[in-house]
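J.: predicted coordinates and the sequence they were generated for:
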Amino acid sequence: MDRMSLLPDDFLLHILSLLPTNDVLSTSLVSKRWRYLWKLVPKLKYMEINDNTDHGRFVRFVDRSLFLNTAPVLESLHFKLDRQCSEVDIGFWIRIAAERGLRELNLEYSIMVDEPTRLPQSLYTCG
């Protein structure tokens, strides 16, 4: 048995929460124990790298992984984007996260965007 298998899930989730979400999902291939562990990670980091890849593929990845995440509370949602994303997509992701008790949102662009991103009005209400 390897030493990683001896670590408690909470510790592994903490380690996974430090990684970009695409790397976290890759860990599901490690073993049966890791297969669904990624779904409980409370901190999600999405990094889009503009290497001429299909932007729609990135959007679908965020949609699917955010929907499948089952952490009791989503502590943070971080986007690092290399191009301007649709307000519809960003609004959708933020609404899903807010419904899950989102505590911290970070939206970072590595380029100058033409217009500021409008966030869903629901973020500005007290609850």
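T.: Received the coordinates, thanks.

J.: what strand or helix carries the spatially most central residue of the chain?
T.: Ranked by distance to the mean C-alpha position of the chain (C-alpha atoms, centre = their mean), the top residue is Leu44 at 3.0 Å. Element membership for Leu44 (DSSP states H and E) is strand 43-47.

J.: for that strand, packing partners?
T.: If you count contacts as 3 or more C-beta pairs under 8 Å, 6 or more residues apart in numbering; DSSP states H and E, strand 43-47 packs onto helix 21-26, helix 55-68, strand 76-81. In this view, the C-beta of every residue, glycine as well, is placed from N, C-alpha and C.

J.: and if we set it to 6 Å?
T.: Using 3 or more C-beta pairs under 6 Å, 6 or more residues apart in numbering; DSSP states H and E as the contact test, the elements touching strand 43-47 are helix 21-26, strand 76-81.

J.: so what strands line up beside the last one?
T.: Each strand paired with strand 76-81, and its direction, by DSSP bridges: strand 43-47 (parallel), strand 104-109 (parallel).

J.: still on that earlier bit, show me how far the strand holding Leu44 is from its chain's centre.
T.: On the basis of C-alpha atoms, centre = their mean, to the nearest Å, strand 43-47 is displaced by 4 Å from the centre of the chain it belongs to.

J.: this completes my enquiry, with thanks.
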